[in-house]
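> here's my sequence, what's the structure:
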Amino acid sequence: MTLMSEDKPWPDSIRGGDCEQHERLVRRVLAPNPSPYTFTGTQTWIVGAGSDVAVIDPGPTGSGMSIGDPPDANGQGHVDAILRAVAGQRVAAILCTHTHRDHSPAAAPLKAATGAPIIGCAPLALKDDGPRADSAFDPDYAPDRVLTDGERLSGDGWTIEAVATPGHTSNHLCYGLIESGALFTGDHVMAWSTSVVSPPDGDMAAYMASLSKLYAREDRVYYPAHGPAVTKPRQLVRGMLGHRKQRERQILRELEKGTRVIPVMVAHMYKGLDPRLTGAAGRSVLAHLFDLRMRGVVRERNDEWELA
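Residues are numbered from 1 along each chain as shown. Okay, here's the model as predicted:
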């Protein structure tokens with residue numbers, strides 16, 4: 001888990017509202033929502049070089065103008081930037097990897113502007129009485145069609161296949177571009193940071209299984225929703241699997257010393273972590289603990305954790 005520094009040069013080749021070509025069938029439009037959780041902003045991917053295109057992760061819709069507006073939800077001008085990027089082409093489908101507020105809210109206004117159907121991940125209704133580090137789901141997301149693992153849709157010169165990858169959220173999908181071997185990974189795999197896995201919807205066991213699923217694939221490149229393209233996908237996924245297993249071992253070492261609460265574990269495990277990210281770190285530790293509890297390794301009493 002890392003944080004973009006305000007003291008370093010802008011770590012991207014474009015700014016919010018700009019469009020950049022990555023390969024013949026793939027370009028991206030960067031949303032104006034940089035934040036500790038979104039890096040330089042949400043990347044909306046446009047697939048297609050012919051008469052029609054698919055738009056993946058249309059992004060946020062917040063105005064960014066009100067005091068207290070979360071920076072990750074700022075989508076001012078983003079739909080217009082997408083429309084400029086696809087001028088002269090028909091939008092055949094609007095696809096969402098999942099329904100966090102920095103990914104799916106712009107689907108509705110983009111549909112209104114283009115008439116394109118919203119296709120992809122399922123809507124998500126949470127029952128959550130506890131605190132969340134990413135209390136950021138889009139309650140208004142309403143897909144016209146939900147894709148399941150392996151389902152495909154196609155347009156002029158492109159074919160997209162859904163790859164179910166629950167873990168970051170239960171409804172998370174990646175999308176494979178059959179013609180080029182690219183995989184659009186949403187928030188499941190990113191090069192700039194590890195993904196936040198936040199219970200109750202985020203599930204560490206599911207996340208690890210989804211990582212293993214991607215490791216078994218032969219994708220050429222990953223295009224995540226935040227941060228740079230991943231040109232060595234299997235190498236990165238192998239490292240992420242190892243990182244999560246290392247975190248699990250750290251938790252068990254903490255509990256070998258006695259009963260612990262999560263904030264104490266976070267302080268010991270995440271040395272030098274920016275204070276703005278301690279909440280997210282705590283949620284990921286909780287996800288590991290839930291997984292360990294399901295396996296009978298640990299138990300909880302009054303928010304205190306110990307070895308079983």
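> which residues touch whatever helix or strand G239 lives in?
G239 belongs to helix 233-256 when assigned by DSSP states H and E. Residues outside helix 233-256 that contact it (C-beta atoms under 8 Å, 6 or more residues apart in numbering): 183, 189, 191, 194, 204, 207-208, 211-212, 214-215, 217, 219-222, 230, 260, 264-265, 268-269, 284-285, 288-289, 291-292, 297-298, 305-307. C-betas here are computed from N, CA, C, even on glycine.
> please enumerate the strands of the chain.
19-23, 26-30, 43-47, 52-56, 90-96, 118-120, 145-146, 152-155, 158-164, 173-177, 182-186, 221-224, 298-301, 304-307 (DSSP state E).
> out of those, flag the one nearest L110.
strand 90-96 (5.6 Å; C-beta to C-beta).
> let's see stretch 29-43 as PDB, backbone CA atoms only.
Presented in PDB, the C-alpha positions along stretch 29-43 are these (Å, rounded to 0.1, in the frame of the first residue of the first chain):
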ATOM      1  CA  VAL A  29      -9.100   8.900 -20.600                       C
ATOM      2  CA  LEU A  30      -7.900  10.000 -17.100                       C
ATOM      3  CA  ALA A  31     -10.500  11.300 -14.700                       C
ATOM      4  CA  PRO A  32      -9.700  14.400 -12.600                       C
ATOM      5  CA  ASN A  33      -9.800  12.500  -9.200                       C
ATOM      6  CA  PRO A  34      -6.300  11.900  -7.900                       C
ATOM      7  CA  SER A  35      -6.200  10.900  -4.300                       C
ATOM      8  CA  PRO A  36      -4.400   8.600  -1.900                       C
ATOM      9  CA  TYR A  37      -6.700   5.700  -3.000                       C
ATOM     10  CA  THR A  38      -6.800   6.500  -6.800                       C
ATOM     11  CA  PHE A  39      -3.200   7.500  -7.500                       C
ATOM     12  CA  THR A  40      -3.300   9.900 -10.500                       C
ATOM     13  CA  GLY A  41      -7.000   9.200 -11.100                       C
ATOM     14  CA  THR A  42      -9.400   6.600 -12.400                       C
ATOM     15  CA  GLN A  43      -8.500   5.400 -15.900                       C
END
